[in-house]
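Engineer: predicted model, plus sequence, below.
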Amino acid sequence: MKTTERRGRVLVVDPDPLFAQRLDTMLSAHDCDVEIVGGITDAVQRLRDVEFDCVIMDEELPEMKGHNAVPVVRAISPCIQIIMTAAQNTSELESKIRQQDILYYYVKGFDVHELQMAVAGALKRKGKTPPPEAGDSRGHRIQDTSAKGTT
């Protein structure tokens, strides 16, 4: 039996099951192992049990705001690549999120390929073979926020 090497392990922390399933489908199609949890409590347990390469975490978690959960994630897994998502964006929220040690900030509703490219960048930083990159709907490549830049 032939085994397929997975490109990376991604933890999706999102209370929206439809969005989480959409990410699972997209990333699994690119040979990523994906696990989904609905909040930070379950995420903490999974992070303690499994080594993930990347976490995609929503801002609106049941227990706390996602940007406040970043230090919790970092305390367990200091080198994990974090991608934050939000359904609605304001300049104040974006500022709070970008002040955290994250790789990328994705506003839901935009081209999901941008998020796919952010995951590719996260996996590349972890030394994994990233999924094939695709441009966004305008053909642009994604820039990360690790230096607190903009996308």
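Structural biologist: Looks like it came in fine.
Engineer: export the longest helix anywhere in the chain to PDB, keeping only CA atoms.
Structural biologist: The residue-count maximum for a helix in the chain (DSSP state H) belongs to helix 112-125. Below are the C-alpha coordinates for helix 112-125, written out as PDB (Å, rounded to 0.1, in the frame of the first residue of the first chain):
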ATOM      1  CA  VAL A 112     -10.600  31.800   0.200                       C
ATOM      2  CA  HIS A 113      -7.500  31.300  -1.900                       C
ATOM      3  CA  GLU A 114      -5.800  34.100   0.100                       C
ATOM      4  CA  LEU A 115      -6.300  31.900   3.200                       C
ATOM      5  CA  GLN A 116      -4.900  28.900   1.300                       C
ATOM      6  CA  MET A 117      -1.800  30.900   0.400                       C
ATOM      7  CA  ALA A 118      -1.400  32.000   4.000                       C
ATOM      8  CA  VAL A 119      -1.400  28.300   5.100                       C
ATOM      9  CA  ALA A 120       1.200  27.600   2.400                       C
ATOM     10  CA  GLY A 121       3.400  30.300   3.800                       C
ATOM     11  CA  ALA A 122       2.900  28.900   7.400                       C
ATOM     12  CA  LEU A 123       3.900  25.400   6.300                       C
ATOM     13  CA  LYS A 124       6.900  26.700   4.400                       C
ATOM     14  CA  ARG A 125       8.100  28.500   7.600                       C
END
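Engineer: which parts of it are buried?
Structural biologist: Buried residues in helix 112-125, counting neighbours by 16 or more other CB atoms under 10 Å, are found at 112, 114-125. Just so you know, the C-beta spots here come from the backbone N, C-alpha and C atoms, and that holds for glycine as well.
Engineer: minimum pLDDT in the residues you listed, which residue is that?
Structural biologist: For those, the least confident position by pLDDT is Val112, scoring 80.
Engineer: any idea which element the spatially most central residue of the chain lies in?
Structural biologist: In the chain, the residue lying closest to the centroid (CA atoms, centre = their mean) is Ile56, at 2.3 Å. Following DSSP states H and E, one finds Ile56 within strand 54-58.
Engineer: packing partners of that strand?
Structural biologist: strand 8-13, helix 40-49, helix 66-76, strand 81-86, helix 112-125 (3 or more CB pairs under 8 Å, 6 or more residues apart in numbering; DSSP states H and E).
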